[in-house]
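Q: Any chance you can model this:
(one chain, ligands or ions: 2)
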Amino acid sequence: MSDIAATTDLPVRLIATSGPNATSVNEHAGAAAARARAGIHRGIDVGRMIRVDQAGEYGATRIYAGQLAVMGDRASHSAEITAMAREEDRHNAEFNALMTRRGVRPTILQPFWSAAGYTLGAVTALLGPEAAMACTAAVEEEIDRHYSDQLDELEMHGVCTDSADPELSDMIEDFREDERQHRDTALAHGAEKALGYPLLSGAIRLGCRAAIRLAERI
Ligand SMILES: [Fe+2]
Ligand SMILES: [Fe+2]
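A: Ligands and ions are numbered 1, 2, ... in the order given. I've put the predicted structure just below:
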C-alpha cells in the first residue's frame, strides 16, 4: 500500500477497484447504490424520514393558510404569520424537490393533512391572535423535537461525525433554525396569554406527535 493509500480513504478504494478485489468492491458499490435508490442508508429508512418531513412542512403551510384566511392581512400578528408562512412554503418546496429527486412517494394522507392543518389554523385564529400564536408555539416545539431526533438518528448511523445523509441533514438543520425562530416569535407575541394555554398547547402537541407517527407509516 502506498503512503497516500495508508493515510487517506479514497486512494484505498481506487486501488481496490482496480486490483484483485475489484469485483467484490464494485458489487458492494452496486448494492449500496440500490439501497440508496430505495432511500435506505446505513440501516435507516431515509425515505420514511423525507416523507414525514414533507407531510409536516405541507401541514404547516396549511395551518398558516387557515389562520390568514380568518385573520386577513391587517389583523394584529398577520405580518408575522405571513412571514412565517413564506418560510414554510420554502421548506415545503424544498422537500417536494428532494422527494422528486430521490423518488420518495408522498404520504397518502396528504388530503387529510390539508384539511386538518387548515382547520387547526382557522379554529385557533377564530379563538384570537394569542391562540393563533399558541398554535404556532406548540407546533414548532414538536417540529423542533422531531427534527432534532432525526438529526441524532442520521448522525448515529453516519461515519465518525458525518451524517448518514449529509444533504438531508443540512436541510433539516436549516429548517429547524427557522422553526425555532417561529416558536420564539409566537412566544414573543403572546402565545402564553391565550385562554386555556396549557390545555390548548398540550392538545396541539399531542396531535402533532400522533400526526408524525401516522405520516411515518402511511
Ligand atoms: Fe417548516
Ligand atoms: Fe415553522
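Q: Skipping its backbone neighbours, what lies nearest whichever residue of the chain sits closest to ligand 1 in space?
A: Per Cβ to the ion, residue 91 is where the chain lies closest to ligand 1, at 3.7 Å. (Each C-beta comes from the backbone N, C-alpha and C, glycine too.) Excluding the flanking residues, the one nearest residue 91 by Cβ to Cβ, 6 or more residues apart in numbering is residue 57, at 4.2 Å.
Q: what's the helix or strand for that neighbour?
A: helix 46-71 (DSSP states H and E).
Q: List the buried residues of that helix.
A: Judged by neighbour count (16 or more other Cβ atoms under 10 Å), helix 46-71 contains these buried residues: 46-47, 49-68, 71.
Q: remind me which residues of this structure are low pLDDT?
A: Scanning the chain for pLDDT under 70 picks out the ranges 1-42, 159-161.
Q: Quick check: residues of it near ligand 2?
A: 179, 182 (Cβ under 5 Å from the ion).
Q: Which residue, neighbours along the chain excluded, lies closest to the residue nearest the centre of the chain?
A: The centre of the chain sits closest to residue 53, judged by Cα atoms, centre = their mean, with a distance of 3.4 Å. Once flanking residues are discounted, residue 53 sits nearest to residue 95: 5.6 Å by Cβ to Cβ, 6+ apart.
Q: Quick check, the one you found in contact with residue 51.
A: No: with contact defined as Cβ atoms under 8 Å, residue 95 and residue 51 do not form a contacting pair (9.2 Å).
Q: what's around the residue nearest to residue 53, how many residues?
A: Burial of residue 95 is recorded as 24 neighbouring residues (other Cβ atoms under 10 Å).
Q: Which of the helices or strands spans it?
A: helix 78-102.
Q: Between helix 78-102 and the helix holding residue 57, find me the angle.
A: 150 degrees (axes from the mean of the first three to the mean of the last three Cα atoms, to 10 degrees).
Q: Packing partners of helix 46-71?
A: Packed against helix 46-71, as judged by 3 or more Cβ pairs under 8 Å, 6 or more residues apart in numbering; DSSP states H and E, are the following elements: helix 78-102, helix 110-127, helix 129-156, helix 166-188, helix 197-217.
Q: Pick the most deeply packed of those helices.
A: Stretch with highest mean neighbour count among those: helix 129-156 (a mean of 21; mean count of other Cβ atoms under 10 Å).
Q: now that helix, how far from the chain's geometric center?
A: 9 Å (Cα atoms, centre = their mean, to the nearest Å).
Q: hmm, that helix in reach of ligand 1?
A: No: using Cβ under 5 Å from the ion, helix 129-156 stays clear of ligand 1, with a minimum separation of 6.6 Å.
Q: Fine, thanks again, bye for now.
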